[in-house]
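Engineer: Output the structure for:
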Amino acid sequence: MKSKISRNGALALILGGLLLLGSPAAGYEATVVRVIDGDTILLSNGEKVRYIGINTPEIHHPTRGKEPYGQEAKEANRRLVEGKTVRLEFDVQQRDKYGRLLAYVHLDGQMVNRRLVRDGYAEVATYPPNVRHQDEFLKLQGEAREQQRGLWGDAEARTYYRARGSGVIVRKSFRAYYHPQDPDLGRVAKDDLIYFESAEEARRAGYDPSMGYGYYRAKEQKFLVGEPEKPAKNEAVQSSTSSTSQPATSSPSFLSPNTSAGTEVNVKGYYRKDGTYVPPHTRSAPKR
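Structural biologist: Take a look at the predicted model:
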């Protein structure tokens, strides 16, 4: 069955496309006609915009329904932007798999994404390659948790909260997915990379975790739940390729272990692709 688009709808899509083609990351302005929830808005040109780098509790989820503090987050977003003209800032990827625009939304000299995290209405949600403000958002979330702002001061919301880890990056030639903070990605060609919103999606697509994925994932989770774990002085992590490469994205300090040749490296247990389990062990760090 062919889908039908009204003349107004088609015009909105054309105008939206022209605006995107003619504007860099910092040049797209439009009026917000409706706030859908805490992290999604509808613009006057018909475009639906999903805020980059954050996630707010759901109010219309098909399976989870209404989550604690979802309505409060929507109202906070509505007070900030509804009926106002905002400026969109794009990152590397401009649309998600649902066709929504992905943007940092600016109004009156402030970024709305940042404001929602700072005030405790949103948690950090990192989906590579859009990670430009990740470090700042993580810092603001930590401060909001400590000061119990917004959802972090609501007992029901805190009990319901489950730390949302970063999306993953697949290296096609290795058929493995990596945590975005894995330094091995720094030497991989861009056309060898695929981005997934979660490790589960990557597994369903037929990819296996890289050797270092569990390590970086565990450290991130500790930070997100308010228990940052600082690496020991001589701590290192086994990576699946050379350890001399640089991170593909800017790295929060809590995810950056120190590696020095000659020290002992703790390697966590993992499964090979053939299903064989390799138990935890230690080895010497590679020479540089």
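Engineer: Domain map for this structure?
Structural biologist: 8-160, 168-284 (automatic domain parsing).
Engineer: Apart from its chain neighbours, what residue comes closest to R164?
Structural biologist: Using C-beta to C-beta, 6 or more residues apart in numbering and skipping the chain neighbours, the partner closest in space to R164 is A125 (5.3 Å). Every C-beta, even on glycine, is put in place using the N, C-alpha and C of the backbone.
Engineer: burial measure for that neighbour, as a count.
Structural biologist: Here the count is done by other C-beta atoms under 10 Å, and A125 has 21 residues near it.
Engineer: again, but for G46
Structural biologist: Neighbour count of G46, defined by other C-beta under 10 Å: 17.
Engineer: Do I have it right that S44 meets E82?
Structural biologist: No - applying C-beta atoms under 8 Å, one finds S44 not in contact with E82, separated by 11.7 Å.
Engineer: From A125, how far off is H179?
Structural biologist: According to C-beta to C-beta, to the nearest Å, H179 and A125 sit 15 Å apart.
Engineer: same check, this time on Y104
Structural biologist: 13 Å.
Engineer: Identify the contacts common to the two.
Structural biologist: Common contacts of Y104 and A125 (C-beta atoms under 8 Å, 6 or more residues apart in numbering): G53.
Engineer: quick one, helices of the stretch 1-150 of the chain?
Structural biologist: Assigned by DSSP state H, counting those that start in this stretch, the helices in the stretch 1-150 of the chain fall at 7-21, 70-81, 112-118, 134-146.
Engineer: can you list residues touching both of S44 and E82?
Structural biologist: Overlap of the contact sets of S44 and E82 (by C-beta under 8 Å, 6+ apart) consists of V32.
Engineer: and the longest strand for this structure?
Structural biologist: Longest strand in the chain by number of residues (criterion: DSSP state E): strand 28-37.
Engineer: relative to helix 70-81, how tilted is it?
Structural biologist: 160 degrees (axes from the mean of the first three to the mean of the last three C-alpha atoms, to 10 degrees).
Engineer: Thanks again, I'm all set now.
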